[in-house]
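> Sharing a model that was predicted from the sequence below.
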Amino acid sequence: MAVPLTASKKLCFFLLVFCFLSLSCLARLPPACKRIECPAYDVVHATNGYEIRRYNSTAWVSTSPIQHLSIVQAARTGFFRLYDYIQGKNNYKQKIEMTAPVITQVSGSDKSSSFVVSFFVPKKNQAKPPPPLKGMHVQRWKKTVYVAVRQFGGFVNDTNVGEEAAALKNSIAGTQWSSAIDKSHKKGGGYASAYTVAQYNAPFEYADRVNEIWFLFDMQNRKGNMM
Ligand SMILES: *[C@@H]1O[C@H](CO)[C@@H](O)[C@H](O)[C@H]1NC(C)=O
Ligand SMILES: *[C@@H]1O[C@H](CO)[C@@H](O)[C@H](O)[C@H]1NC(C)=O
């Protein structure tokens, strides 16, 4: 028995199929961001395999570099320090809301890697984040920071992060983003790390996990960018 479809149902169905066929590989809002605060961003460009985002100035609380061979271990160490910070181990003894993602900036070679793990400061504390205790600092991003993003599911491990970063590099190869990323990387400073891993889920969450590889960069020559 055929049920006549209303126009809106048809549109919905069409969108569903369209999304399924062509957008299934695109980034989606990590489900964690429906429960806890995540930094707002604008999508500048979206295509199969990657997305370019623009974040306005955001403040993060970061660990000092953690030397380790394993990103999993380093991120865990960093996470516990940040957890103490939000639980009130800061100069104001102030508790802070949990946010997502926790990002790990990866620098160095295979033999000696260094990781800086950071927590996104909630909007309400952005102007005046409680000063962290020794071994941590506030990291304030520039007015506009561009990020090339690739999403992947499951748990981050020491094999898949490198593979996902290589895949992101491949999918942007030859684009304007790729050359901007190379240029920013050479300039160093906040763009010196090889890549950043953004994790949105707690270790005890098994379903619907979303992680991202980020390449941070600067687009000084982009029209309309007031930097
Ligand atoms: C970022 O700043 C620009 C310029 O002020 C503004 O148009 C845009 O909406 C902001 N984006 C977000 C996500 O806050
Ligand atoms: C790392 O994760 C991938 C899937 O993302 C999985 O196939 C692989 O077995 C994992 N490796 C280790 C060492 O856990």
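On my side now, so go ahead. Ligands and ions are numbered 1, 2, ... in the order given.
> V147 falls within a strand, correct?
Yes: counting by DSSP: H, G, I helix; E, B strand; the rest coil, V147 is found in a strand.
> Would you check how far apart it and A127 are?
When C-beta to C-beta, to the nearest Å is applied, the distance between V147 and A127 equals 22 Å. C-betas here are computed from N, CA, C, even on glycine.
> ditto for L133
L133 sits at a distance of 20 Å from A127 (criterion: C-beta to C-beta).
> Settle it for me: which of the two has more neighbours?
Residue environment comparison for L133 versus A127 gives the larger neighbour count to L133, 12 against 8, counting by other C-beta atoms under 10 Å.
> which SSE is L168 in?
Secondary structure assigned from DSSP states H and E places L168 in helix 160-172.
> Next, see if that helix gets close to ligand 2.
Yes: Helix 160-172 lies within reach of ligand 2 by C-beta under 6 Å from any ligand atom, at N160.
> Could I get the phi/psi values of the closest residue to S70 other than its chain neighbours?
Among residues not flanking S70 along the chain, D158 sits closest, at 5.3 Å (C-beta to C-beta, 6 or more residues apart in numbering). For D158, the backbone dihedrals (degrees, to the nearest 10) come out as phi -70, psi -10.
> What distance do you get for D158 to E97?
Counting by C-beta to C-beta, the gap between D158 and E97 amounts to 30 Å.
> repeat for V117
18 Å.
> With I66 instead?
In this structure, I66 and E97 are 24 Å apart, going by C-beta to C-beta.
> Run through the residues of the chain sitting next to ligand 2.
Near ligand 2, the residues belonging to the chain are 154, 157, 159-160 when assessed by C-beta under 6 Å from any ligand atom.
> three-state assignment of the spatially most central residue of the chain?
In the chain, the centroid-proximal residue (C-alpha atoms, centre = their mean) is A198; its distance is 3.9 Å. In terms of secondary structure, A198 is strand; the call rests on three-state DSSP.
> picking that back up, quick one, which of I66 and E97 is more surrounded?
Neighbours were counted for I66 and for E97 using other C-beta under 10 Å; I66 has more, 20 against 12.
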